[in-house]
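**Q** Sharing a model that was predicted from the sequence below.
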Amino acid sequence: MIWPTAIITLCFPCVTFGQIAEILDAGRTSCGTSGMLYVLITVCIAMPCLMSCSYRTKMRAKFGLIESPAPDCLVHCFCGYCALCQEYRELTERGIDPSIGYYGNVAKLRRQQQQMGMAAPMPQKMI
C-alpha cells in the first residue's frame with residue numbers, strides 16, 4: 001500500500017530515507033544512522049537532496065534502471081518526497097520490505113529458501 005508510505009514520508013522523510021539507505025547499503029549503515037544524517041543535513045544546509053540523490057543513483061545501478069524522468073539530483077531537489085516514495089515502492093515491488101531492514105529481509109529470504117527446500121518431492125515416473 002502506498003498511502004502509509006506517502007504519509008510517513010510527508011511527515012518524516014528521514015524514516016523513509018533511512019529504510020531505503022539501509023537496504024541499498026546492505027546493512028552497513030542502519031536506518032537510524034542514515035535517518036539522522038538526513039535530518040542533520042536538512043537542519044544544517046536545508047539540502048537533503050544532496051544525500052538522497054546518491055541513493056537513487058545506487059538503486060538505479062543495482063537494478064539496472066534508467067535515469068528517468070530527469071537526472072537523479074533534479075528529481076530529489078524538486079520532488080524529494082515523491083522520489084523517496086517511488087524508491088520505496090521499487091524495493092517493495094522487487095520483494096524487499098524496507099520496513100524490516102536489511103537483516104530482516106535476509107532472514108525472510110533464508111526462511112523462504114528453507115521452505116522451498118523442504119517441499120514434498122514431485123511424483124516421478126520411470127520412462
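**A** Looks like it came in fine.
**Q** Other residues contacting the top helix by length along the chain?
**A** In the chain, with assignment by DSSP state H, the single longest helix is helix 101-117. Here helix 101-117 makes contact (Cβ atoms under 8 Å, 6 or more residues apart in numbering) with 19, 22-23, 25-27, 30-31, 96-97, 100. Any C-beta I mention is one placed from the backbone N, CA and C, and that applies to glycine too.
**Q** Could you check that helix and say which residues are buried?
**A** 101-102, 104-105 (16 or more other Cβ atoms under 10 Å).
**Q** buried stuff in stretch 73-84?
**A** 75-77, 80, 83-84.
**Q** Look up the closest residue to the residue minimising distance to the centre of the chain, ignoring the ones flanking it.
**A** For the chain, the residue whose C-alpha lies nearest the mean C-alpha position (Cα atoms, centre = their mean) is residue 20; its distance is 3.1 Å. Leaving aside its sequence neighbours, residue 20 sits nearest to residue 87 (Cβ to Cβ, 6 or more residues apart in numbering; 5.2 Å).
**Q** Let's verify residue 66: helix, strand, or coil?
**A** Classification of residue 66 using DSSP: H, G, I helix; E, B strand; the rest coil returns coil.
**Q** from what I can see it touches residue 60, true?
**A** Yes. Here residue 66 lies in contact with residue 60, judged by Cβ atoms under 8 Å, at a distance of 7.4 Å.
**Q** Which residue of those two possesses the greater neighbour count?
**A** Set side by side, residue 66 and residue 60 show more neighbours around residue 60, with 16 against 6, by other Cβ atoms under 10 Å.
**Q** give the contact list for the more buried one.
**A** Contacts for residue 60 (Cβ under 8 Å, 6+ apart) come out as 66-67, 72.
**Q** do you know how far it is from residue 12?
**A** Distance, residue 60 to residue 12, using Cβ to Cβ, to the nearest Å: 24 Å.
**Q** Would you map the strands across the protein?
**A** For the chain, strands defined by DSSP state E do not occur.
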